[in-house]
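In: Pasting the sequence and the predicted model now:
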Amino acid sequence: MSYFDAASSAPLHPVARQALLASLDEGWADPARLYREGRRARMLLDAARETAAEAVGCRADELSFTSSGTGAVHSGMAGALAGRRRVGGHLIVSAVEHSSVLHAADAHEAGGGTVTQVAVGRQGAVDPSEYAAALRPDTALACLQSANHEVGTVQPVAEVAEACRAAGVPLLVDAAQSLGWGAVDGDWSLLTAGAHKWGGPAGVGLLAVRKGVRFAVQGPADERESGRAAGFENIPAIVAAAASLRAVRAEAAQEAVRLRELTARIRARVPELVPDVEVVGDPERRLPGIVTFSCLYVDGETLLHELDRAGFSVSSGSSCTSSTLTPSHVLRAMGVLSEGNVRISLPMGTTEADVERFLEVLPGAVSGVREKLGAPVPTTVREEGALVVDALGKLCPLPVIELAKVIGDVPVGGTVRVLADDEAARLDIPAWCAMRGQEYVGEEPADRGSAYLVRRVS
């Protein structure tokens, strides 16, 4: 079995396992106590904080351990917004932030604050000038991930931090995906991360708050972790998180070169092996181990099951794998194809043989799913010179499949009107047109769902 979903959670690093077991006998006592067992626990906690702070690039007294990366995000955003309440209640986020940031933004807006969501380009990166343009006199906080968790695109944090610093606005960086690969560049103000992303144990997060940042802890006061994370510290897990962070950093430079070569191979070979595929994300400014692509005419959930049976654990941002049946907010913001989406995120240690075996298996898996989905026959009628495809009640990727079946039945310059009520059609039909060289005319309201108008160009 090949595990290719390290962006969700990396396998426990051997150093993390060793540190966890070694500290279980010494780190169980209350580090706030003055007796011998407490002092031992405090020494372990202090050493872990020093190690983690060095990796982050901050002072030890600026870093707190939380119960998760999500907890660090929520605590960091709430504290920074509250600390600058007198300035205003305006928050800036990018459209592709992790859900933890977007959920916190929703809560802030529900509480009376305002939120500006900065758009991204087709490769998933923000334009620093758009962040600068979004800054206002009442902006309390800006947030930007260091790298995207779904497509691997690295964000221009240093440039955005410079604009925020010039405006006197703190920038919170979600560094969950990138911290294992290196420190975050730029003059950021707050930083968050979660240990399970770099091979540490789950249940440990980091929150760094630079000196001078106005920060007001929210919720009941707690004397631990500068009040930013309530509850008794899980010292063995914290020690393991810090030790594994130092270990992966020591391996990062060599592993980055190796994994970047493997993902570059996947990016190049998949379109050669599988027709009708769109590889997404920045080809250069990206994390070493992540590569994402989408396959036309494929049900993402079925494809993931096929790959799982073949021995590969991968992830997807396809609406077909979502309980909400809506496309990934990241793919939607990028305006790229979402159907049949596959995210491969290689853990450290992945071999060339693992990747080659995946490339051998993928074409058959995709063609098998496409064959299964080829049965539906589109329902078509003529309406005012346009061919109408009734795909109402049919989920991704069936509306696009039915469009593809009939586009050849109209003359060049003629139009096809696709009726669909699946949310993914709003993203996938324009993406199909771009891939197929057809003209996407636009979306119109319909009695049910929406009507998507496509003009045949060739």
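Out: Perfect, I can see it now. Numbers count the residues shown, from 1 in each chain.

In: count of neighbours near Val400?
Out: Val400: 29 surrounding residues under other C-beta atoms under 10 Å. Heads up, the C-betas are built off the backbone N, CA and C, glycines and all.

In: looking just at contacts, which helices and strands does the strand or helix carrying Asp308 meet?
Out: Using DSSP states H and E, Asp308 sits within helix 300-309. Applying 3 or more C-beta pairs under 8 Å, 6 or more residues apart in numbering; DSSP states H and E, we find helix 300-309 packed against strand 341-345, helix 352-372.

In: go with 10 Å
Out: Counting by 3 or more C-beta pairs under 10 Å, 6 or more residues apart in numbering; DSSP states H and E, the packing neighbours recorded for helix 300-309 are strand 312-313, strand 341-345, helix 352-372.

In: For the ones you listed, state which one has the densest average packing.
Out: Across those, the average number of neighbours (mean count of other C-beta atoms under 10 Å) peaks for strand 341-345, which reaches a mean of 28.

In: Just the angle for that one relative to helix 352-372, thanks.
Out: In terms of direction (axes from the mean of the first three to the mean of the last three C-alpha atoms, to 10 degrees), strand 341-345 departs from helix 352-372 by 170 degrees.

In: quick one on the thing from earlier: who's in contact with the helix holding Asp308?
Out: By C-beta atoms under 10 Å, 6 or more residues apart in numbering, the list of residues contacting helix 300-309 from outside reads 1-2, 4, 294-295, 298-299, 312-322, 327-328, 338-342, 344, 358, 361-362, 364-366, 368-370, 372-373, 396-397, 424.

In: pretty sure Thr153 contacts Val280?
Out: Yes - the pair Thr153 and Val280 passes the contact test of C-beta atoms under 10 Å, sitting 8.9 Å apart.

In: Return every residue with contacts to both of the two.
Out: In contact with both Thr153 and Val280: 123-124, 292, 330, 334, using C-beta under 10 Å, 6+ apart.

In: so can I have JSON lines of those showing secondary structure?
Out: Shown next, in JSON lines, are the shared contacts of Thr153 and Val280 (DSSP: H, G, I helix; E, B strand; the rest coil):
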{"residue": "Gln123", "secondary structure": "coil"}
{"residue": "Gly124", "secondary structure": "coil"}
{"residue": "Thr292", "secondary structure": "strand"}
{"residue": "Val330", "secondary structure": "helix"}
{"residue": "Met334", "secondary structure": "helix"}
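
In: right, and the helix or strand after the helix or strand of the chain with the lowest mean pLDDT?
Out: Within the chain, no helix or strand scores below strand 379-383, which has a mean of 52 by mean pLDDT, DSSP states H and E. Next helix or strand after strand 379-383 toward the C-terminus (DSSP H and E): strand 386-390.

In: Which of the helices and strands packed on helix 300-309 sits closest to Ser129?
Out: strand 341-345 (28.9 Å; C-beta to C-beta).

In: relative orientation of the closest one and helix 300-309 in degrees?
Out: Interaxial angle, strand 341-345 versus helix 300-309 (the same axes, to 10 degrees): 40 degrees.

In: for strand 341-345, packing partners?
Out: helix 235-273, strand 277-280, strand 290-295, helix 300-309, strand 312-313, helix 329-334, helix 352-372.

In: In CSV, could you pull the C-alpha coordinates for the fourth one?
Out: These are the backbone C-alpha positions of helix 300-309, laid out as CSV (Å, rounded to 0.1, in the frame of the first residue of the first chain):
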residue,chain,number,x,y,z
GLY,A,300,-14.0,11.5,-8.1
GLU,A,301,-15.3,9.2,-5.4
THR,A,302,-15.4,6.2,-7.7
LEU,A,303,-11.9,6.9,-8.9
LEU,A,304,-10.5,7.2,-5.3
HIS,A,305,-12.1,3.8,-4.5
GLU,A,306,-10.5,2.3,-7.6
LEU,A,307,-7.1,3.7,-6.7
ASP,A,308,-7.5,2.5,-3.1
ARG,A,309,-8.2,-1.0,-4.3
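
In: any chance you could map the strands in the stretch 51-200 of the chain?
Out: 63-66, 90-94, 114-118, 139-145, 171-174, 190-194 (DSSP state E, counting those that start in this stretch).

In: Any idea which of the ones you listed gets closest to Glu233?
Out: From the strands of the stretch 51-200 of the chain, taking C-beta to C-beta, the stretch that ends up closest is strand 63-66, at 6.2 Å.

In: Neighbouring strands - and their directions - for the closest one?
Out: Pairing partners of strand 63-66, with direction, according to DSSP bridges: strand 205-209 (antiparallel).

In: Can you check the pLDDT for Thr415?
Out: What the model reports as pLDDT for Thr415 is 89.
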